[in-house]
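1. Here is my input; please provide its structure:
(one chain, ligands or ions: 1)
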Amino acid sequence: MIKDALRFAELVARRALGPHDPVHLVPLCWPALDGSCGCGRGHGERDVGKAPLLGAGYQRLRPTVAEVLEWWRRWPNANWGMLLEPWELVVLDLDGPEAVDEAESLGLPPTLAVVRGGRQHRYFRRPPDVPAHRCTKQGRSRAIDVLAKGYTVIPPSRHRSGDVYTAVDPRPPSEPPDWVIKWLLEAGRSGPPEEACPVRLPPVRLRLSPRLQAVLTRGRDADPSRYPSRSEALYAVITAAVAAGHTDAEILAALLAQPWVREMRRDPGRWLPPQIAKARRDVRVRFRDPRAPYLNGSTLRVEVGL
Ligand SMILES: [Zn+2]
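-> Here you go, the predicted model:
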């Protein structure tokens, strides 16, 4: 399952992806054999096989191949969704034969396509000046969705009906036709402003020294002589967690579980990922090797510098 999902992402990326490359896939609920929720969270009919497993705020994650493989080990049967915004994709979701006919009459250039029963997803590249919006139930058929943010279910996920999402025209996405761009621009003018939503991820335990574990749970109070401010205490924890080989999602989950971190700023789910990205750049500079896994004894080495 995961190999095919990653191969599909490589088609979109137009290149092979290594473990540290961003891949922007998120794990989803999967259907049991009888079509009911297989993930154990009791999803209703509409959500079976589609609901994200990571909780609110998953859209802001920018997962790498390594993170996706970890999620896959945790949920080996999961369906997979592709985040559209970071991939700069527009997906035309044609919800049945009438929508397919209408889109074809409006004009559909050859491009990457996925079929599931009588429905189709056509993948296009989003031009840089076109906003990442969604407009749904469009056209005369009221069955055409134009999606440039959120996620779409990708092959080889299974629908609750038993149908498998299947790529039928395996080529990289092409430029969208003019009518699709027009619809997106119109949605951009009338659409509501983006709402902030809190990130909820399952908390994880970070591999940190006992001293930094204390800083993680208690903040600057754990070691006030060393850290002039909460921000510096936070950054020390993030840097050590990066150096210990944790993924962005793990670090974010561990930080969001701490009340002192959540109180630092409004909307920590939006504010923290750039801090983690900065720490990742700093750690790479310090170790002078952009790809090394920093697992062996690296916590100690980082602490020396802080
Ligand atoms: Zn479920």
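2. For the protein, just list every one of the strands.
-> 25-28, 79-83, 89-94, 113-116, 119-125, 134-138, 144-147, 151-154, 166-167 (DSSP state E).
3. Could you export those strands as a markdown table, including mean neighbour count, mean pLDDT and distance to residue 181?
-> Backbone N, C-alpha and C define where each C-beta goes, glycine included. Below are those laid out as a markdown table (neighbours: other Cβ atoms under 10 Å; pLDDT from 0 to 100; distance: least, Cβ to Cβ, whole Å):
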| stretch | mean neighbour count | mean pLDDT | distance to residue 181 |
| --- | --- | --- | --- |
| strand 25-28 | 25 | 96 | 26 |
| strand 79-83 | 26 | 97 | 20 |
| strand 89-94 | 24 | 96 | 8 |
| strand 113-116 | 20 | 96 | 19 |
| strand 119-125 | 22 | 96 | 9 |
| strand 134-138 | 16 | 87 | 12 |
| strand 144-147 | 22 | 94 | 9 |
| strand 151-154 | 22 | 96 | 18 |
| strand 166-167 | 16 | 96 | 24 |
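4. residue contacts, the nearest residue to residue 275 once chain neighbours are set aside?
-> Leaving aside its sequence neighbours, residue 275 sits nearest to residue 238 (Cβ to Cβ, 6 or more residues apart in numbering; 5.8 Å). By Cβ atoms under 8 Å, 6 or more residues apart in numbering, the contact list for residue 238 reads 251, 255, 275-276, 279.
5. Tell me how this structure divides into domains.
-> Domain assignment for the chain, taken from automatic domain parsing, gives 2-190, 210-296.
6. For the last one, give the mean pLDDT please.
-> Looking back up the chat, that one is domain 210-296. The average pLDDT within domain 210-296 is 83.
7. Please work out how many residues are found near residue 112.
-> Residue 112 has 22 neighbouring residues, counting by other Cβ atoms under 10 Å.
8. An error on my part: the question was meant for residue 224.
-> Neighbour number of residue 224 under other Cβ under 10 Å is 11.
9. ok, now the one 3 residues further on?
-> Residue 227 is flanked by 20 other residues according to other Cβ under 10 Å.
10. my guess is it meets residue 233, correct?
-> Yes - Residue 227 lies in contact with residue 233 (Cβ atoms under 8 Å); the separation is 4.1 Å.
11. Can you pull out the low-pLDDT segments for the stretch 51-200 of the chain?
-> Flagging of the stretch 51-200 of the chain using pLDDT under 70 yields the residue ranges 190-200.
12. Most proximal residue of it with respect to the ion?
-> Residue of the stretch 51-200 of the chain nearest the ion, by Cβ to the ion: residue 51 (5.6 Å).
13. Contacts only, for that residue.
-> 28-29, 39, 41, 43.
14. Show me which residues of the stretch 151-300 of the chain are close to the ion?
-> On the criterion Cβ under 5 Å from the ion, the ion has no neighbours in the stretch 151-300 of the chain.
15. mind listing the helices for the stretch 151-300 of the chain?
-> Using DSSP state H, counting those that start in this stretch, the helices found in the stretch 151-300 of the chain span residues 178-190, 210-218, 230-243, 248-256, 259-262, 268-287, 298-305.
16. Identify each buried residue in the fifth one, please.
-> Going back to what we said before, that points to helix 259-262. Buried positions in helix 259-262, judged by neighbour count with 16 or more other Cβ atoms under 10 Å: 260-262.
17. List of residues touching that helix?
-> 218-219, 230, 234, 255-256, 268, 272.
18. Swap in 7 Å and give it another go.
-> Residues outside helix 259-262 that contact it (Cβ atoms under 7 Å, 6 or more residues apart in numbering) are 219, 230, 234, 255-256, 268.
19. who wins for neighbours among those residues?
-> Busiest of the contacts of helix 259-262 [other Cβ under 10 Å] is residue 255, holding 26 neighbours.
20. In contact with that residue: list those residues for me.
-> With contact set as Cβ under 7 Å, 6+ apart, residue 255 has these partners: 261, 272.
21. now residue 59
-> For residue 59, counting by Cβ under 7 Å, 6+ apart, the contacting residues are 83, 150.
22. just to revisit the earlier point, among the contacts of residue 51, name the ones in helices.
-> In helices, judged by DSSP state H, none of these are found.
23. and the ion, which of those residues contact it?
-> Counting by Cβ under 5 Å from the ion, the subset of these that neighbours the ion consists of 29, 39, 41, 43.
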